[in-house]
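Engineer: A predicted structure for the sequence below; I have some questions about it.
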Amino acid sequence: MTDFAVEIRNLSKRYRKVRAVDGLSFDVEAGSICGFLGPNGAGKSTTMRILMGLTRPTGGHAFVLGHDVASAGLSARARIGYLPQDPVFPAHLSVRGLVTYAARLHPGHPTGRSLRRRVDDMLDRVGLADRSRRRVQGLSGGERQRVGIAQALISDPALVILDEPSAGLDPVGRRAMIDLIAGVGGDATVFYSTHILDDVERVSDSVVMINHGSVVAHGPLSSILEAKGMDYVVGLRGDTSDLHTRVTAQPWVSGLISRNRGSVEEWRIQVSDVEAAARDLMSILVAGTGHSVIEFHTSDRRLEDAYLELVGAGNDN
Amino acid sequence: MSTSRSALTRIDGGSEFRGFFGMLGVELRIWFPWRVLVLTLAGMGVFASIYLPWRLTNTNRLGPLILFAMALWMVVLLIATISISEGTVLGDIERGTASWLVGMPIGRPAVIVAKFAASAVGMSAAVFLTGGLFYPLLKSASQSGIVDFSVGQLLEVTSAPIGNWGAYASMPELGTYLSMLTAISVLVTFLVAVMVALGTMIRSRTAVFGLGIVVVGGLVAGWFGAREALEASPVGLVGALSEGIQNRPMTVGVPAVATIALSLVLVAVAAWRFQRRDLR
């Protein structure tokens, strides 16, 4: 078995003059839960559609579970569970009918009583056991997403691809979705796109971040956060204008965000060289007159900080 | 989860028709029973709208009225076929259902062929059901000697050019009647194939609908203008129908086989086009 559930090599997709995906290369380790991040229009959905054989790439290769999606997409899809963005299912089917249909489309599916039991278990797992007879078209947005998860998982896939599974869900629904994703992890590889970075931090082991169709960061979540340095939180009183100039002049300071908290000025200092900051920052802060340091501690770097730094705050269109 | 995985993840090459029967079953559920029933009731409604006034007024002009009902039924059927099948593929692409479906381990040709087959079977079932329900009505009217009619009477009713039909026509024999229903069903199947093929080539449902009407117009124009040259084609079936309705010997075989062959070519083209199409 391959070590990677998804391997993408120099993948490109052009729509006339628009480059939706531009030389994308990354891997998703088998068994991992990988968050796929990027602003709207970055190429996430296009990449996922290429993996599912819905869209043909104009360049490069994509392999899913060792199968080239261009030549053996059918074999690959037999082992993938997929939830499209804004899924639309056949409206005439009931919840149970849809999940059963999805199961039957997979080779080697269980039949008879064992299929019924499997569908029952799945509907129970996604909390739709009491809605099983309802038509799909009559469901709320959250319920439809849960049906989407049920049909994606019913075939016991080796890889689950979810395109914005939490989109449009209320906080309770979102939490339930994240719990489902976490529950799938370990048995299967989960590759999912989202804009909710808290969710990624909560359940993902790795992250692929793209922008304008290209990878800007890729790897284990912890290493991405560490690579982006550390933050110091400093509380100051008094005149800080000279101090601000001295701190931002340091080569290892990559950013300084200031905000007032009553009479206290709070600085979040982003440092790129943790060693240098540990050695010099405190001495710089206490040197000089006219101000006093009333708070000083480090803060864990959040994914949101790394995302904004890598992708750009004003990029989300 | 891992206990049943070995049974579920058996991978084998994979034919492009994998999943066909599963999908056909679901597609047929769209047609049976409700859609077929509605189409049948619509067809019966057309006949009833002609038959009931006659019963009430007791006129002896049932013959041309029945012929008019048959013509009206054909128009209703063809428009229904175009309306329903223009969305068979394109509607699924526009709604996004196709993206979900193609994301399953089912070949794209299987999707097209299953949709075509279900529509063809559903429409044909509606044709035979309507025709079957109407036949006893026709027969009883015929036995009471009121179905025979003259072209003159027909012209009074329809005011339409009807070609070189004989002065009188009578109730078709059962064999002829079944051949007529077969011809109608093959014609409808051809139209479904046309609409499915157009749905994979054109991105506008309005344009697909319009072209479907153009194809029907082309068949009628072909029947008026070049029926002999186009006998081994759907136009030949239109001609055969006009013979059958006058209780004359019909030549259904050659045009029906040619029309079915043409339909299969259109479905193959649709499958090829759909295979190459990007879905969102």
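Structural biologist: Ah, there it is.

Engineer: buried sites along the worst-scoring helix or strand of chain A on mean pLDDT?
Structural biologist: Least confident element among the helices and strands of chain A, by mean pLDDT, DSSP states H and E: helix A:221-227 (a mean of 81). Neighbour counts using 16 or more other Cβ atoms under 10 Å in any protein chain shown place A:221, A:224-225 of helix A:221-227 among the buried residues. Every C-beta, even on glycine, is put in place using the N, C-alpha and C of the backbone.

Engineer: packing partners for it?
Structural biologist: Packing partners of helix A:221-227 (3 or more Cβ pairs under 8 Å, 6 or more residues apart in numbering or on different chains; DSSP states H and E): strand A:206-211, helix A:303-311.

Engineer: now those as CSV including mean pLDDT, distance to chain B and mean neighbour count?
Structural biologist: Output for the helices and strands packed on helix A:221-227, formatted as CSV (pLDDT from 0 to 100; distance: least, Cβ to the nearest Cβ, whole Å; neighbours: other Cβ atoms under 10 Å in any protein chain shown):
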stretch, mean pLDDT, distance to chain B, mean neighbour count
strand A:206-211, 95, 18, 24
helix A:303-311, 84, 24, 19
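
Engineer: for stretch A:29-42, the distance to its chain's centre please.
Structural biologist: Distance of stretch A:29-42 from its chain centroid, counting by Cα atoms, centre = their mean, to the nearest Å, is 4 Å.

Engineer: Outside of the least confident helix or strand of chain A itself, list whatever touches it.
Structural biologist: Residues from elsewhere that reach helix A:221-227 (Cβ atoms under 8 Å, 6 or more residues apart in numbering or on different chains): A:35, A:200-201, A:204-207, A:209, A:217, A:300-303, A:306.

Engineer: Out of the residues you listed, which is nearest to residue A:42?
Structural biologist: residue A:209 (8.7 Å; Cβ to Cβ).

Engineer: Flag every residue of the stretch 101-250 of chain B that's near chain A.
Structural biologist: Residues of the stretch 101-250 of chain B lying close to chain A (Cβ under 8 Å from any Cβ of the partner chain) are B:102-107.

Engineer: Pull the most distant pair out of the residues you listed.
Structural biologist: The largest separation in those, counting by Cβ to Cβ, is between B:103 and B:107 at 12.5 Å.

Engineer: Looking at the two, which is more packed in?
Structural biologist: residue B:103 (28 against 23; other Cβ atoms under 10 Å in any protein chain shown).

Engineer: There's contact between the more buried one and residue A:55 in this structure, I believe.
Structural biologist: No. At 11.1 Å, residue B:103 does not count as touching residue A:55 under the criterion of Cβ atoms under 8 Å.

Engineer: residues touching the closest residue to residue A:131 other than its chain neighbours, list them.
Structural biologist: Nearest residue to residue A:131 in three dimensions, chain neighbours excluded: residue A:95, at 5.4 Å (Cβ to Cβ, 6 or more residues apart in numbering or on different chains). Residues counted as contacts of residue A:95 (Cβ under 8 Å, 6+ apart) are A:123, A:128, A:131-136, A:139, A:147, A:150.

Engineer: Near chain B, which residues of chain A? Just list them.
Structural biologist: Residues of chain A lying near chain B (Cβ under 8 Å from any Cβ): A:49, A:52-56, A:72, A:74-75, A:77-80, A:82, A:84, A:86-90, A:92-93, A:97, A:101-102, A:104-110, A:118, A:155-158, A:184, A:187-188.

Engineer: Going along the chain, name the helices of the chain.
Structural biologist: By default, I'm working from chain A. With helices called from DSSP state H, chain A shows them at A:44-51, A:69-77, A:95-104, A:112-125, A:141-153, A:171-184, A:197-203, A:221-227, A:241-248, A:274-286, A:303-311.

Engineer: Correction: the question concerned chain B.
Structural biologist: So, for chain B - with DSSP H - the helices run B:5-8, B:20-30, B:36-57, B:62-85, B:90-95, B:97-102, B:108-143, B:151-158, B:174-201, B:205-226, B:234-245, B:253-275.
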